[in-house]
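Q: Mind looking at a prediction? Sequence and model below.
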Amino acid sequence: MINKIINLPDEVKYCINKLQQNGYDAFAVGGCVRDCLLNKTPKDYDVTTSALPEQVMDLFEHTIPTGIKFGTVMAVINNMPIEITTFRSESNYIDFRRPESVDFAGDIYTDLSRRDFTINAMAYSDSSGIVDPFNGMTDLNNKIIKAVGNPLERFNEDALRIMRAFRFALRLGFDIDSATFDAAITLSGNLKKISVERIASELLACLITDHPSDIKPLLTCDSLNFIGLSSNFKYDINMLDKIINDKYARLAAFIIICDSTNEVCKNLKLDNITIKNVKNLLDCYKYPIPKNQQDVCHLFNKLNPYLWKQWLNIKNILLHDDISNCYYLFNYVIDNNIPYKVSMLNINGDILISKKIVDKGKQVGYILNELLNKVIDNPELNNKNTLIRLAYDLIKEI
């Protein structure tokens, strides 16, 4: 044990103290300890204890049995949720992800031995200091991601840990220990046995770091080809590091660099907004740089205008396009509400139908889009009476 003080929130101290005062061992554990030692503010706090879930629920007034099968109870203290989990040891893992069964262990050392990486296998309480049986502090100081114990065993237990190793290394700017790295690459084929939703979460977390190109080893061994990512790079993958740190831009650029398609997003079962925005960037990334206001409007008609900065960045980094004069043009169109989509016209389908210009059906969309093209070229035409007159002229041409 290392005699070092970590300033835990009062709610976490209260939680640990209450467990200890009732005869149980209790520690803050895992990521919150790691982040505190890195002088980062943890997103959440986990506590591990010798108390069984039912005993935890008896001690605290507001609890939620979030994962009682696995020994986890959430206590809510002053509106702060704290996950409290009984010391655990695990049997053989099934499907490279889940333990076949969970047994409640008797001590903190057994509990820490089942964790993924040494920097996550530390515990802390004010009374004991830092419990660090696997030298996580040393690895933290040396900026190393190292598996607890035998890395082949850790990755065979849970293949998602392979993605997590890269995610921690990228997020923290650490190196992966050589034995851990070799084991990760050796067993990376098991990633296809993990749910794509979990792969997606880890992959996106890797992409929005300072050096996302460092994920290259997972691509070159074809371990991510099952989601449609190719290792036949169309561009230098190091360019990815220069792309604006935005989820849509990074993911689109990553797919382009890997010479892949938007099927990657669908294969990862990403949300519809992400799929749509990334598809927009992929569809439009080779469009020419706008030279005037009209060009911008035509582009906005195809590309979500909220993605224009990401689009320009991808163009600049991957295609080396000159974007120096673009920001004024794009901002001018947006700031002056210049029409670039049908809904911005001073006419709509109901008016066309009420004026008996068209019947319901495809003609409505055709006429509105033709009117939009005219307004884009001449914004002063965006007047209801003028548009009605133009619509009459267009219908005669059909």
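A: Happy to help now that I have it. Numbers count the residues shown, from 1 in each chain.
Q: I317 - nearest residue in space that isn't next to it in sequence?
A: Distances taken as CB to CB, 6 or more residues apart in numbering put K242 closest to I317, at 4.9 Å, once the chain neighbours are dropped. Every C-beta, even on glycine, is put in place using the N, C-alpha and C of the backbone.
Q: Give me the phi and psi for the one you found.
A: With angles defined as degrees, to the nearest 10, K242 sits at phi -90, psi -10.
Q: One more: A26?
A: phi -160, psi 140.
Q: With the one 3 residues further on instead?
A: Backbone dihedrals for V29, given as degrees, to the nearest 10, come out at phi -150, psi 160.
Q: Equivalent analysis for I6, please.
A: phi -110, psi 130.
Q: And D46, how far from D139?
A: To D139, D46 is 20 Å away according to CB to CB, to the nearest Å.
Q: which element is the nearest residue to P151 once chain neighbours are set aside on?
A: Once flanking residues are discounted, P151 sits nearest to A183: 3.7 Å by CB to CB, 6+ apart. Secondary structure from DSSP states H and E places A183 in helix 178-186.
Q: contacts for the helix or strand following that helix?
A: Per DSSP H and E, the first helix or strand lying C-terminal to helix 178-186 is helix 196-207. Residues outside helix 196-207 that contact it (CB atoms under 8 Å, 6 or more residues apart in numbering) are 160, 163-164, 166-167, 170-171, 191, 212, 215, 224, 227, 240, 247, 250-251, 254, 267-270.
Q: Just the buried subset of those, written out for PyMOL, thanks.
A: Selecting only the buried entries of the contacts of helix 196-207 in PyMOL, with 16 or more other CB atoms under 10 Å as the criterion:
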select buried, resi 160+163+164+166+167+170+191+212+215+224+227+240+247+250+251+254+267+268+270
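Q: Of the contacts of helix 196-207, which belong to helices?
A: Secondary structure from DSSP state H places 160, 163-164, 166-167, 170-171, 247, 250-251, 254, 267 of the contacts of helix 196-207 in helices.
Q: Tell me which two in those residues are the farthest apart.
A: R171 and N267 (23.9 Å; CB to CB).
Q: ok, back up a step: for the helix holding A183, buried residues please.
A: Under 16+ other CB under 10 Å, the buried positions of helix 178-186 are 180-181, 183-185.
Q: With stretch 44-63 instead?
A: Buried-residue list, stretch 44-63, by 16+ other CB under 10 Å: 45-53, 55-57, 59-60, 63.
Q: What is the distance between that stretch and the centre of its chain?
A: Taking CA atoms, centre = their mean, to the nearest Å, the mean C-alpha location of stretch 44-63 is offset from the chain mean by 30 Å.
Q: How about stretch 277-296?
A: The answer for stretch 277-296 is 25 Å, by CA atoms, centre = their mean.
Q: what distance separates the start and the end of that stretch?
A: 18 Å (CA to CA, to the nearest Å).
Q: ok, residues contacting that stretch?
A: So stretch 277-296 is contacted by 248-249, 251-252, 255-256, 261-262, 265, 270, 298-299, 302-304, 307, 310-311, 314-315, 318-319, 321-323, 326, 329-330, 332-333, 338, 340, 376-377 (CB under 8 Å, 6+ apart).
Q: give me that answer again for 6 Å
A: Contacts to stretch 277-296, defined as CB atoms under 6 Å, 6 or more residues apart in numbering, come from residues 248, 251-252, 262, 265, 299, 302-304, 307, 314, 321, 329-330, 333, 376-377.
Q: do the same with stretch 299-317
A: 239, 242-244, 246, 248-249, 253, 280, 284-285, 290, 321, 323, 326, 330, 340-341.
Q: Stretch 143-163 too?
A: Contacts of stretch 143-163 (CB under 6 Å, 6+ apart): 93, 96-97, 115-118, 121, 134, 139, 165, 168-169, 174-177, 179-180, 183-184, 187-188, 190-191, 194, 198, 202.
Q: how distant is that stretch from the center of its chain?
A: 21 Å.
Q: What average pLDDT does it get?
A: Stretch 143-163 carries an average pLDDT of 96.
Q: With only the CA atoms kept, save that stretch in CSV.
A: The C-alpha atoms that make up stretch 143-163 are tabulated as CSV, following Å, rounded to 0.1, in the frame of the first residue of the first chain:
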residue,chain,number,x,y,z
LYS,A,143,2.9,6.3,-19.4
ILE,A,144,2.5,2.6,-20.1
ILE,A,145,-0.6,0.5,-20.8
LYS,A,146,0.1,-2.9,-19.4
ALA,A,147,-2.3,-5.9,-18.9
VAL,A,148,-2.7,-7.3,-15.4
GLY,A,149,-0.9,-10.5,-15.4
ASN,A,150,-0.7,-12.5,-18.6
PRO,A,151,-2.0,-10.3,-21.5
LEU,A,152,-3.1,-13.3,-23.5
GLU,A,153,-5.3,-14.5,-20.7
ARG,A,154,-6.8,-11.0,-20.2
PHE,A,155,-7.6,-10.6,-23.9
ASN,A,156,-8.9,-14.1,-24.2
GLU,A,157,-11.3,-13.4,-21.3
ASP,A,158,-12.6,-10.2,-23.0
ALA,A,159,-11.6,-9.3,-26.5
LEU,A,160,-13.1,-5.8,-26.1
ARG,A,161,-10.0,-5.1,-23.9
ILE,A,162,-8.0,-5.0,-27.1
MET,A,163,-9.9,-1.9,-28.3
